[in-house]
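# please work out how this folds:
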Amino acid sequence: MADQRIEQPSAGAGGSAETPRPEWRYFADLLGLSSLAIAQPILSTFAADPAAFVTARAGSFEVIAFALIVVLVPPAASWVVELLVALVSRPLRRWLHLVALATLVALFFQAFVAGPLGALLAIAAAVGAAYAFARSETARTFLGYLAFAPLLFLAIFFLSPVSRLVFGSEPQAEAIEAPADLPPVVMAVFDELPLSSLLDGEGNIDADAFPNFAALAEDATFARNNTSVSPSTPFAVPPLSTGIQPSRDVPLPSYVQHPESLFTLLGGEYTMYSSEHVTQLCPESLCEVPTGEGSTRDAALVSLLKAAAKIPFGGQIFFDIGIDGLDPVVQVDWITDGIEAADDEPTLHYLHSMLPHQDWIYLPDGELHDGPNPPPGLGAGYISESAADATGVKQRHMLQLAYADELLGQILDSLRESGRYEDSLIVVTSDHGVAFEPGEPTRYLSEASHRDIMWTPLLVKAPQQQEPAVVDSPTTSVDVLPTIIDVLGIDTDWELDGQSILGPPREE
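Modelled structure (predicted):
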C-alpha cells in the first residue's frame with residue numbers, strides 16, 4: 001500500500017524529506033473531511049425540507065447537480081488552490097493542506113456547541129487534528145477511509161423524500177364527466193392572512209380598509225368560521241387544491257406527492273394559468289406559468305447553492321430560496337393578462353401570492369416601506385413583550401394587507417372588464433393566519449394566538465351569484481376543492497376529506 005504520510009517541511013541540517021504522497025490522496029483527505037463538515041449538514045437539511053427544491057423550481061437535473069456540487073466542489077476548490085501553491089513551494093503546500101484539514105475539523109465541531117465555548121472547542125479540535133494528521137499514521141489512515149463517506153451521504157440523500165423529485169413522474173389530467181358549459185374559475189390564495197385582520201368588529205369585512213375583499217363578499221358566500229389545517233405553508237396550501245388533510249410525512253408541496261388535485265381534475269377541460277409561490281402543484285405540462293417562474297437550471301442552482309452556503313453556519317433555507325423571484329405585480333399581471341386573453345374556452349386562473357406575508361415591506365400603493373426590516377418587535381417566530389412593538393408590527397401587516405386588497409381588485413376589475421365576472425367561479429382564501437399577541441408566537445399555536453393563526457377567510461362566488469350569503473357553520477381548507485366540484489357539477493370518484501360549504505353543514 002502506498003505510503004500515506006503527509007510530507008513535512010525539511011527538518012533543516014540533518015533532516016530528510018518524506019516520500020511524496022500521490023496527489024489523489026491529498027484530494028481524498030479533503031473529500032472525506034469536507035463531506036463531514038459541509039456536505040452532510042447541507043444534504044441532511046435539504047432532505048428534511050425538500051420543499052426548498054420545489055420553491056426553487058428545481059427538477060431532477062438540478063437536484064442531482066446540487067448534490068454533486070455540494071459534495072465535490074468544496075474539496076476540489078481547496079485542492080486546486082493547493083496545487084497552485086505547490087508550483088511555488090512544496091513545503092508551503094504541505095502546511096496549507098494541514099490548515100485546510102484543520103479548518104474543516106473546526107467547521108465540523110462548531111456545529112455542536114454555540115457561542116464562545118463552541119468556538120474554543122472548534123479551535124482545540126482543529127489544532128489537535130492538525131497535529132494528529134501530521135504525526136500519526138493512524139489518523140492519516142482514518143482520512144483515507146473517510147473518503148468513502150460521501151457515497152453514504154449521497155445514498156441517504158437520494159433515498160429520502162427528495163427521491164420523489166428525482167425519480168417521480170408527472171401526473172396526467174383526469175378524464176371527467178362535466179357539463180358542456182364550464183365557467184371560468186379564478187382562485188386566489190393569500191399567504192399568512194388571518195380572518196381577523198379583515199373584519200370590522202361585527203363579523204363583516206371592513207369595506208373602508210379593504211374595499212375589494214368587501215365588494216367580492218357582496219356577491220359571494222362568506223364562510224366566517226373557516227379554519228386552516230396547518231400553520232405551515234408546505235402543509236397548508238396543498239389541501240386547498242386536493243381536499244385531503246395533510247399527513248405527518250415530510251412536506252413535498254409538489255404534484256409528485258399530490259397527483260390528484262384541482263389541476264389534474266380540470267386539466268383535461270380547462271386551459272390553466274398558474275402562478276405559485278413555494279408550491280408547484282400544477283404539472284408543468286398542464287399549466288402556463290409566468291416567464292421566469294419556472295426557473296432555468298442556472299437560476300435554480302444558484303438560489304439553492306446560496307441557501308446551502310449558510311447551513312454549516314446555522315443558516316435557514318426556506319426563505320432564502322425563490323421568495324424574491326416572483327414580484328406580486330408580475331404574478332397579478334400574469335393572471336389578468338390570462339383573463340383578458342381568454343376566449344370562450346373554459347380557463348382556470350390560480351394565484352398563490354406571498355402577500356401579506358411578513359416581513360411586511362409594502363405600503364398600500366405597492367411602494368416599499370422605508371422602516372426597519374424586520375420591524376421592531378418581530379423576533380424569530382415571536383412578538384416581543386412590548387405592547388407598543390406588537391401594535392407596530394400589526395400596523396405594518398395591515399398596510400401590506402391593503403396592498404393585497406389592491407391587487408385583488410385588479411383581478412376583479414379584469415374579470416369585469418372582460419365581461420367574465422358574472423359567469424366566473426371565484427374562490428379567495430388564505431393558507432393560514434398570523435398572530436400579533438405580545439410575547440406570543442406568530443405562527444405556532446398557543447392559547448392566545450391560535451384564533452388568529454387558525455381562522456382564515458373563505459369567499460366563494462358561484463357563477464351568476466349576485467346576492468351575499470353567509471355560512472357560519474364550521475368549514476376548513478379541505479372543503480375548497482369539494483365546493484369547486486359541487487359548483488361545477490363534476491362527477492368524480494375521488495375520496496376527499498372535505499365537503500362542499502354550499503351543502504348541509506357538518507354534523508360535528
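# measure Ser196 to Ile453 for me?
Distance, Ser196 to Ile453, by C-beta to C-beta, to the nearest Å: 10 Å. Glycine gets a C-beta too; all of them are placed from N, C-alpha and C.
# which one's more surrounded, the two?
Ile453 (25 against 17; other C-beta atoms under 10 Å).
# give me the common contacts of Ser196 and Ile453.
Gly433 (C-beta atoms under 8 Å, 6 or more residues apart in numbering).
# wasn't Phe222 part of a helix?
No - checked against DSSP: H, G, I helix; E, B strand; the rest coil, Phe222 lies outside a helix; its state is strand.
# report the secondary structure state of the closest residue to it other than its chain neighbours.
In this structure, Phe222 finds its nearest non-sequential neighbour in Val470, 5.2 Å apart by C-beta to C-beta, 6 or more residues apart in numbering. Put simply, Val470 is strand when judged by three-state DSSP.
# what sits against Val470?
Applying C-beta under 8 Å, 6+ apart to Val470 gives the contacts Thr221, Phe222, Arg224.
# scan the residues you listed and report the most crowded one.
Phe222 leads the contacts of Val470 on contacts (other C-beta under 10 Å) with 24 neighbours.
# give me the pLDDT for Arg57.
As predicted, Arg57 sits at a pLDDT of 83.
# ok, and the helix or strand in this protein with the lowest average confidence?
Taking mean pLDDT, DSSP states H and E as the measure, helix 297-308 is the helix or strand of the chain with the lowest mean score, a mean of 74.
# ok now it, how far from the chain's centre?
Here helix 297-308 is found 13 Å from its chain centre; the criterion is C-alpha atoms, centre = their mean, to the nearest Å.
# mind giving me the packing neighbours of it?
Here helix 297-308 touches helix 40-48, helix 51-55, helix 60-86, going by 3 or more C-beta pairs under 8 Å, 6 or more residues apart in numbering; DSSP states H and E.
# tell me the buried residues in it?
Of the residues in helix 297-308, Ala299, Ala300, Leu301, Ser303, Leu304, Leu305, Ala307, Ala308 count as buried by neighbour count, 16 or more other C-beta atoms under 10 Å.
# the last one and Val71 touch, don't they?
So the one you mean is Ala308. No - using C-beta atoms under 8 Å, Ala308 makes no contact with Val71, being 11.3 Å away.
# tell me which residues are up against stretch 231-239.
For stretch 231-239, using C-beta under 8 Å, 6+ apart, the contacting residues are 51, 54, 189, 191, 228-230, 244-246, 251-253, 257-258, 261, 278-279, 281, 352, 431-433, 443-445, 453-454, 477-478, 480, 497-498.
# hmm, back to that, including distance to Leu240, could the buried residues of helix 297-308 go into JSON lines?
Putting these into JSON lines (distance: C-beta to C-beta, whole Å) gives the following:
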{"residue": "Ala299", "distance to Leu240": "27"}
{"residue": "Ala300", "distance to Leu240": "25"}
{"residue": "Leu301", "distance to Leu240": "30"}
{"residue": "Ser303", "distance to Leu240": "25"}
{"residue": "Leu304", "distance to Leu240": "26"}
{"residue": "Leu305", "distance to Leu240": "31"}
{"residue": "Ala307", "distance to Leu240": "26"}
{"residue": "Ala308", "distance to Leu240": "30"}
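# what about the closest residue to Arg443 other than its chain neighbours, neighbour count?
Excluding the flanking residues, the one nearest Arg443 by C-beta to C-beta, 6+ apart is Pro231, at 4.6 Å. Pro231 has 22 neighbouring residues, counting by other C-beta under 10 Å.
# got the confidence number for Pro231?
93.
# now the strand or helix carrying Leu121: buried residues?
For Leu121, the element it lies in under DSSP states H and E is helix 115-135. Within helix 115-135, the residues that qualify as buried by neighbour count (16+ other C-beta under 10 Å) are Ala122, Ala125, Ala126, Ala129, Ala130, Ala132, Phe133, Ala134.
# cool, and stretch 23-42?
Those buried within stretch 23-42 under the rule 16+ other C-beta under 10 Å are 25-42.
# check stretch 83-91 too.
Result for stretch 83-91 [16+ other C-beta under 10 Å]: buried residues Val85, Ala86.
# and the end-to-end length of that stretch?
12 Å (C-alpha to C-alpha, to the nearest Å).
# now swap in stretch 159-169 and tell me
Across stretch 159-169, the terminal residues are separated by 16 Å (C-alpha to C-alpha).
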